[in-house]
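>>> Quick one: sequence and predicted model below, then my questions.
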Amino acid sequence: MGGSLIYQRTFNRPDDKGSVIPDIGTNVTNIGEAYVSWEHDAFKITAGNQRVQLPWTSDYDWRVVPVLFQGINVHYGNDDDFLSLARLYRWKGWADDGFSRNSMYSTDEKTAGMWSLGGGRSVTVNGLKYSGQLWRQHYYDYTNVSYGEGHVSAVSGDFRPNAGLQYIRGTGDGRELAGTVDNTTLGFQAGFDYKAYKVALGYDHIKAAPGAYNNGSLVTPYAHNMSSGPYFAQPYFTSTQDLGAGNAYSLDVSTGAVQNLFLGARYSFMDLTAVAGTASLNQSEYLLYGIYNFAGALKGLSVAEWVGVQTSPARDTRFFQNRLEVSYNF
């Protein structure tokens, strides 16, 4: 059994809508997680209010308050070889004080939630690891999403190249509360690991669909204005699926060469158009980040820092943000 309490307060700002920081939300005082879980060997089933790790339905987005879901989550296997089944009825976003049946697209329209079915498999042959996963997700009254991804990578040596492909297809469901859904995405990823250094180049092409939601964007009821999810090419402060159709690019460089310290940098370019016939967003984002995990008597304490800037000719000003997180795991 598990549970958590959430207590969030903003500093020097009254608790009213006019002064709320969008990336933090309002003051929160409530129960967060409250679940019961049973585990045997590689099989695990969890019921209640919980964190989940599903494509576009997860808590991987950085916020002070975690994103939680209410329902049943079944998982068998490990990270590479697995079967996953989930039925979620309600959720609590990072800016919400309690669980509800709404979504990030609407605070008024209620739905029956979502279900998700997925599986993954990996095999190593002649020094190369082949891995893949397939998912089918149903978001009631919003969309149906089919998602597949495959990778090949070298498993030994100082220099270990890798490559990946992904395909995403989103169509409408029921009342289509976000509008007509017609998303087709094809992505490619290439990179390499050299000792403790990692380099990854990501590319996604989102097919334009004039008349559909956001010119052909993927509808993600629990990740809108939050995280790009599994997209190979993505910025940090905004979501690829919220920016329109076209081409998205990103380059990541990271290293764990220094003990307990992880450093990285990312550049992303979003050549995306949200309205057919208008100019591209041409958004560039420059991001630096680092995570330090203390050892010894301070083991469990970590400090993380993300700082970046976004520029776009479609916006009058640059967007700058710094995020500092200090956490302690007991």
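Yep, it's here.
>>> Not counting sequence-adjacent ones, nearest residue to G246?
Distances taken as C-beta to C-beta, 6 or more residues apart in numbering place L272 nearest to G246, at 4.2 Å, with adjacent residues excluded. For every residue, glycine as well, the C-beta is placed using N, CA and C.
>>> which SSE is that neighbour in?
Assessed by DSSP states H and E, L272 sits inside strand 261-273.
>>> That strand packs against which elements?
Counting contacts by 3 or more C-beta pairs under 8 Å, 6 or more residues apart in numbering; DSSP states H and E, strand 261-273 packs against strand 245-255, strand 283-293.
>>> In JSON lines: those strands, plus mean pLDDT, distance to E109 and mean neighbour count.
Converted to JSON lines, these look like this (pLDDT from 0 to 100; distance: least, C-beta to C-beta, whole Å; neighbours: other C-beta atoms under 10 Å):
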{"stretch": "strand 245-255", "mean pLDDT": "98", "distance to E109": "25", "mean neighbour count": "19"}
{"stretch": "strand 283-293", "mean pLDDT": "97", "distance to E109": "29", "mean neighbour count": "17"}
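>>> so how far is the strand holding L272 from its chain's centroid?
Distance of strand 261-273 from its chain centroid, counting by C-alpha atoms, centre = their mean, to the nearest Å, is 14 Å.
>>> any idea of the mean pLDDT for it?
The pLDDT scores in strand 261-273 average 97.
>>> quick one, that strand and strand 245-255 angle?
170 degrees (axes from the mean of the first three to the mean of the last three C-alpha atoms, to 10 degrees).
>>> what sits up against strand 261-273?
Where contact means C-beta atoms under 8 Å, 6 or more residues apart in numbering, the residues beyond strand 261-273 that reach it are 206, 208, 215, 233-236, 238, 240, 243-256, 279-293.
>>> tell me which element G132 falls in.
strand 128-139.
>>> tell me which residues of that strand are tucked away?
K129, S131, G132, Q133, W135, Q137, H138, Y139 (16 or more other C-beta atoms under 10 Å).
>>> partner strands of that strand, parallel or antiparallel?
Using DSSP bridges, strand 128-139 pairs in its sheet with strand 114-125 (antiparallel), strand 143-154 (antiparallel).
>>> from the chain's centre, how far out does the first one sit?
Average the C-alpha atoms of strand 114-125, do the same for its chain, and the two points are 18 Å apart (C-alpha atoms, centre = their mean).
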